[in-house]
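In: What would the 3D arrangement of this be:
(one chain, ligands or ions: 2)
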Amino acid sequence: MKIIKFGGSSVANPENIQRVFSIIKEKLKEHELAVVFSAFGGVTESLLKIAQLAREGDEAYREVLQTLEEKHLAIVRQLISVQSQSTVMTFVKVRFKELEDLFHGIYLIKENSPRTLDYVASFGERLSAFILAESMQGQGLKTQFLDARDVIRTNDRFGQAKVDFEVTNEAIKNYFAKYDGIKVITGFISSTAKGETTTLGRSGSDYTAAIFAAALDAENLEIWTDVSGVLTSDPKLVYTAFTIPQLSYNEAMELSHFGAKVIFPATMQPAMRKSIPIYIKNTFEPENPGTLINGEVSPGALIKGISSIPNVSIVTVQGAGMLDSTVGTSRVFKALAEAKVNVLLISQASSEHSICLAIKTQESYLAKEAVEKEFFYEIKSGEMDKVILLHDLATVAVVGENMKHNPGASGRMFRALGRNNINVGAIAQGSSELNISAVIPQPDLQKALNALHEAFFLSENKVLHVFLVGVGLIGQALIKMIANQQQKLRGDNELDIQIHGMANSRFMAFHEDGFDLSNPYELSDSDEKTDLNKFIRTMEEMNFSNTVFVDCTASQDVAELYTKILEAKVAIVTPNKKANSGSMDQYRALKKLAKKRGVKFLYETNVAAGLPVINTLQDLMLSGDRVIRIEAVLSGSMNYIFSELEKGDPFSEVVKKAKELGFTEPDPRDDLSGMDVARKILILGREAEQDLEFDSIEIQSMVPEDCQNLGSVPEFFEVLRTHDIDFAEMLKVAEAKGERLRFMATLENGKAKVGLNSLPIAHPFSGLGGSDNMILLTTDRYKDRPMIIRGPGAGADVTAAGVFADVIRIGNYTRE
Ligand SMILES: Nc1ncnc2c1ncn2[C@@H]1O[C@H](COP(=O)(O)OP(=O)(O)O)[C@@H](O)[C@H]1O
Ligand SMILES: N[C@@H](CC(=O)OP(=O)(O)O)C(=O)O
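Out: Ligands and ions are numbered 1, 2, ... in the order given. Coordinates of the predicted model:
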C-alpha cells in the first residue's frame, strides 16, 4: 500500500487535475493506493477570507462566496460527464448552501472563533476530495470517498488539533478492512470525540497522509506538489535553489519547522515511528526523482538547506526580576504556553537579565499581553520592564545533521550575512547542532537567503550584481566585454556577472533578473529619466548580495554618491578620477569607509587606463617598499601632440589633428592645461602613501595666457596659431641639444610637478610615440633601474578592460 497526497497546487484547476489522474493511473499499475487531497488551490485561503469579511460586517463576503461556488461548479462541469454531473452538482450546491448559512451567522453575530474557522475551512477538502473521487469514478476507477473526520480523532485545540493515535489508528484500520476501492481521503480535517470538526493546522494535509501511512504500515508515502522535492531554499526567493536528493527525518522536520512550506513539520513523526520513507514529488515533472526523506544521514555537505520565516517579531522580557532565571524563565514560558503562543527561537544573554524570543508578529501582541499579565506586580514595582516588541523581522535557519561536530557552519553563515550588511538581531543553535538560526530585518530576507545559499552551496559559483552608471564609450565597451566573457567566466572562473541597472545622463533602466547581454539594451527605450538618487535607492531596494556599482562617468555628481554607496556595503569600481583627486581627507575617508564596511573600492583605471599602475603601487607599498620618485607621461593626448610636433607641423595644426582623431577632450584646453595629468599624479602620489593636495602641485599649462579665457574652440585655435612660433622655437632649442620635448609629471620628496620637459634622447620617455603612457617607478627596491610600466593609456577598450578586471577582482575577493 502506498499513500499519495496531492496538495492544493496540484489540484488548482482541471488541467492540473488531469495530470494528477494520469499519475494515479500510472501508480495503480503497480500498487494499491490511498489518495489524500487538499482543497483546490487557494480555496482554504478564500474560505477564511470570506469568514473574516463576514465577521467584519462586510457584505462583499457574499460575492467572494459566489465566485468560490462558481469555481467548484466549473471544475465539476469540466471533469465529470453531463450524465453523471447531477449528484456532484447537488453535493456542491448543498455544501455552499450550508456555507451561506454559516457565513450569514458569522455576519450576524460577528464572531469567528477557532472552532468556527475550523468548520469553515473543512469545506475545502470535503468538496475537493468528493468531486475528485467522483471524477476518478467517472474515469473508470473504483473509488471510495472518505471524510477523514470519521477516522482521525483529535483533542479540541481548534486550528492545530492534536491526534489521538490510539483511536485514530484503530478507526483507519477498521475502515480500510471494511471498504474496497481506492480510498479518496480529505486532507487537513479531523474531529473531536464529540464530533466537532477540527483541523491539523494550515497545510496539514501532508500530516493526514502520514497518519494514514503509519496506521496502515504503508510501503511509502508520496507528497506531490508544485516543486521537485525539498529544495536547498524556497525557489520563489532563491532562483538558484536545487533539489536535495535525500534528507533525514530530523533534517526535514527542522527545515519545515523553520519555514520550508513544502512539507508540514508534523508529517515526519508518524512516518519516522514506522520508518516509512517519504518522497516529495512534482506533479508537473513526475519523472524528477524529487526528495527522499528517511532515517539516513547522508555524508557530505555541511548543511542540507536554508529556510526562513517572514513576519517575525522579537519579544524581549527583561528586568532584575528575571535574575532568578529558573523561576523567571519558567514563568515566561508558562504564560506563553497558556496563551498558545508558538516560540520560534529563544536567546538568553549570560547575564540572565533578559530573555529574547522570536515569535510570529501576529502572535507577538498576545505574547506581550500574556507575559505582562504574568509579571503584573513586578512590572508595577519596577522590578521588571514592560515587554518590548520589535517588528519587521524574519528568521533564517541553516539546517543539516553534518554540522554536528563539524566546525565552520556558523562562521560561514555569519560571515555571509555580515559581508552583505545584514544585521543579526538574535541567534540560536540547538544543542543537537542540527540548525543555526538568526533573526534579521525582514526587508533583507531575500538577500540573506541568497547570500547564505551562495556561501553554502554555490561558493564555487559566485554571482556579482552590477549597477552601471555611464553607458558611454567605456560603459558600452564594458557591457560588450561582459557579454562576450559571460559563458567563459561561468565555466572557468565560476563567476556569474549580471547587470541589473544601467544609466546614462538621460535615461536609466533596471532588470530584476539581469539584462540579457546577448541582446544589447537601448537605454533610449527606457521611459525612466535618470535620477541618480533614485538609481541608488533602487539598487539598495533590489538588495542583492555582492552588489558592485560601476561608475563609468567623469561626473562629480556621481562621485559624491560614493559615501552613500559604500555605506550600503556596495563595492565600487570606477575610472572616474573625481573622488580620489578631491581633498586628502575625502580620499582617506572613502578608503576607510570601504574598509569599515568590508567592501572594495577599486579604481585601477583612474590612471593610465588599463595599465597596472595602481595595483602595482599598492602591492609595492603593502610589501614594504618605498617610493623615491615617480616620473610619468600620463596623457596620451599630450604625448601625441609633442611627438607629432617633431615632424615639423605647426603646434596649432598638430593640436587640431589630435582633436580630429579623438585624442583630446572636445575642448583641447582641458588636456593642454595639464590639470588632468595633475589629478593623475596626485592619485599616484597618494597611492605611494604621500600626503598630497591638488593645490600643492606645480602645474605648467600649455595653454598660452591669452587663450585661456577665450570662449569658443575655433577662437582658441585662431589665437593659438599666433603661438606656433614659440612652440617651434622651444622645439628647436631642444633639438639643438639633441633632446626631446615631453609633457610629464614628476613626484619626488613629496613635491609633484607637471609640465613640459626637455629630455635627453636616451631618456625612456624620448622614444615614446603615439598616445602611449609610461610610468617610471624608482623605489628602494627598484633604485638602480626604475620599474617601467608602458602601454596605451587611453581609449574606451583598454579602459573598459581595466574596469572589467577590477569587477572580476571583486568576484575573487568576495569568494570564500
Ligand atoms: N525548501 C523548499 N523547497 C521547496 N519548496 C519550498 C521550500 N521552501 C518553501 N517552498 C515553497 O513551498 C511550495 C509548496 O508548498 P505548498 O504551496 O504548500 O504546496 P501544496 O499546495 O502542494 O501543498 C513551493 O511552491 C515553494 O514555493
Ligand atoms: N487546504 C489546507 C491544507 C493543506 O494542506 O493544503 P496544501 O496541501 O495545499 O498546503 C490549507 O491550505 O492549509
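In: which residue ranges form the strands in the stretch 101-250 of the chain?
Out: 143-146, 153-154, 182-186, 189-192, 197-199, 220-225, 246-248 (DSSP state E, counting those that start in this stretch).
In: Indicate which one of these is closest to residue 464.
Out: strand 246-248 (31.1 Å; CB to CB). For glycine as for every other residue, the C-beta is placed from the backbone atoms N, C-alpha and C.
In: Packing partners of the closest one?
Out: strand 291-294 (3 or more CB pairs under 8 Å, 6 or more residues apart in numbering; DSSP states H and E).
In: Check which residues of the following helix or strand past the strand it packs on are buried.
Out: Next along the chain after strand 291-294, taking DSSP states H and E as the criterion, comes strand 305-318. Within strand 305-318, the residues that count as buried by 16 or more other CB atoms under 10 Å are 305-309, 312-318.
In: Columns distance to ligand 2 on top of the residues you listed, output as JSON lines?
Out: Rendered in JSON lines, the data for the buried residues of strand 305-318 read as follows (distance: CB to the nearest ligand atom, whole Å):
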{"residue": "305", "distance to ligand 2": "19"}
{"residue": "306", "distance to ligand 2": "21"}
{"residue": "307", "distance to ligand 2": "16"}
{"residue": "308", "distance to ligand 2": "17"}
{"residue": "309", "distance to ligand 2": "16"}
{"residue": "312", "distance to ligand 2": "20"}
{"residue": "313", "distance to ligand 2": "23"}
{"residue": "314", "distance to ligand 2": "27"}
{"residue": "315", "distance to ligand 2": "26"}
{"residue": "316", "distance to ligand 2": "31"}
{"residue": "317", "distance to ligand 2": "32"}
{"residue": "318", "distance to ligand 2": "36"}
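In: Can you tell me the element residue 621 falls in?
Out: Using DSSP H and E, residue 621 maps to helix 614-622.
In: which other helices and strands contact whichever helix or strand comes after that helix?
Out: On the C-terminal side of helix 614-622, the nearest following helix or strand under DSSP H and E is strand 627-633. Packing partners of strand 627-633 (3+ CB pairs under 8 Å, 6+ apart): helix 614-622, helix 675-687, strand 739-748, strand 772-779.
In: So which elements touch the next helix or strand after strand 627-633?
Out: Of the helices and strands lying after strand 627-633 in sequence (DSSP H and E), the nearest is helix 636-645. In terms of contacts (3+ CB pairs under 8 Å, 6+ apart), helix 636-645 is packed against helix 651-660, helix 669-672, strand 739-748, strand 772-779.
In: low pLDDT regions in the protein?
Out: For the chain, the stretches with pLDDT under 70 are 323-326, 350-352, 431, 459-461, 814-816.
In: Next, give phi and psi for the residue in the stretch 651-800 of the chain positioned nearest to ligand 2.
Out: At 50.2 Å from ligand 2, residue 800 is the closest residue in the stretch 651-800 of the chain, using CB to the nearest ligand atom. Residue 800 adopts backbone torsions of phi -60, psi -40, taken as degrees, to the nearest 10.
In: Which residues are in contact with it?
Out: The contact partners of residue 800, by CB atoms under 8 Å, 6 or more residues apart in numbering, come to 474-475, 477-478, 480-481, 552.
In: can you check residue 289 too?
Out: 229, 243, 245.
In: By neighbours, which of the residues you listed wins?
Out: residue 229 (25 neighbours; other CB atoms under 10 Å).
In: do you know how far that residue is from residue 246?
Out: Distance of residue 229 to residue 246, computed by CB to CB, to the nearest Å: 10 Å.
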